[in-house]
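**Student:** Pasting the sequence and the predicted model now:
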Amino acid sequence: MELRTQRLTLRPPVADDVVAVHEIHRDPAACAHNPSDALRTPEEAANLLERWLEHWRGFGFGYWVVRLPDAGRPLGFCGVKLTDVDGRRALNLFYRFDPATWGRGYASEAAREVVRWARDTLPDYPVVARVRPANTASQRVALNAGLTRAEHLDRPGEDGPDLLFAAGWPR
């Protein structure tokens, strides 16, 4: 299942995407706010990609590979996967892009489309994004994607405090 925006295509990952997964996730800037996500080896990238592919096989959705329509090299990744927040099933919104592409609005554009798809296709699941307090760029992406701050859901995260943003979370 492919998604399209005005400038981007989002497609499910394939085995050949392991190179892009490794390149982006080994970049210190890409994982500066989430150092536990940093990858060192191609094997770590293959394991991460396999988890993404497993989610796609099990649920029919997951993290998409984001590209410009006429370019072969991925810009990054954006999508949702099932998670639990306060005992409720939700969709975790993820976006990570090659730092060389930052500042062009790609993450916001992709995240907006993913949130639109999730709210239309899986309306029973709220969408949440976990963001570090110092990662103001990621906070802007979450807001631009249509999520709002959900302070009541904030929690400790693997790499420090998580500020949560949500769409469709019941009050």
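**Tutor:** All right, it came through fine. Remember, predicted model here, so these are calculated numbers, not experimental data.
**Student:** Please count neighbours and contacts with C-alpha atoms only from this point.
**Tutor:** Will do.
**Student:** quick one: what helix or strand has Trp169 in it?
**Tutor:** Of the helices and strands defined by DSSP states H and E, none includes Trp169.
**Student:** how about the residue lying closest to it once chain neighbours are set aside, phi and psi?
**Tutor:** Distances taken as C-alpha to C-alpha, 6 or more residues apart in numbering put Pro126 closest to Trp169, at 5.1 Å, once the chain neighbours are dropped. Backbone torsions of Pro126, given as degrees, to the nearest 10, read phi -70, psi 160.
**Student:** What is the burial count for Pro126?
**Tutor:** 21 (other C-alpha atoms under 10 Å).
**Student:** and if you look at Glu54?
**Tutor:** 14.
**Student:** gap between the spatially most central residue of the chain and Thr121?
**Tutor:** The centroid of the chain falls nearest to Phe94 when counting by C-alpha atoms, centre = their mean (1.6 Å). Per C-alpha to C-alpha, to the nearest Å, Phe94 is found 17 Å from Thr121.
**Student:** quick revisit: surely the residue nearest to the centre of the chain is in a strand?
**Tutor:** Yes - counting by DSSP: H, G, I helix; E, B strand; the rest coil, Phe94 is found in a strand.
**Student:** what sits against the residue nearest to Trp169?
**Tutor:** 89-91, 119, 166-169 (C-alpha atoms under 8 Å, 6 or more residues apart in numbering).
**Student:** got a pLDDT number for it?
**Tutor:** The pLDDT attached to Pro126 in the predicted structure is 97.
**Student:** What's opposite the residue nearest to the centre of the chain in the beta bridge?
**Tutor:** Gly79 (DSSP bridges).
**Student:** That one contacts Ala129, doesn't it?
**Tutor:** Yes - in this structure Phe94 lies within contact range of Ala129 using C-alpha atoms under 8 Å: 6.9 Å.
**Student:** could you say what helices and strands the lowest-mean-pLDDT helix or strand in the chain packs with?
**Tutor:** Taking mean pLDDT, DSSP states H and E as the measure, strand 155-157 is the helix or strand of the chain with the lowest mean score, a mean of 91. Applying 3 or more C-alpha pairs under 8 Å, 6 or more residues apart in numbering; DSSP states H and E, one finds that strand 155-157 makes contact with strand 160-167.
**Student:** Mind listing residues that contact the strand it packs on?
**Tutor:** Against strand 160-167 from outside (C-alpha under 8 Å, 6+ apart): 126-133, 142-143, 146-151, 153-156.
**Student:** Which residues does the host helix or strand of Ala107 contact?
**Tutor:** In this structure, Ala107 sits in helix 106-121 according to DSSP H and E. Here helix 106-121 makes contact (C-alpha under 8 Å, 6+ apart) with 3-5, 8, 10, 66, 78-80, 93, 95-97, 125-127, 140-142, 144-146, 168.
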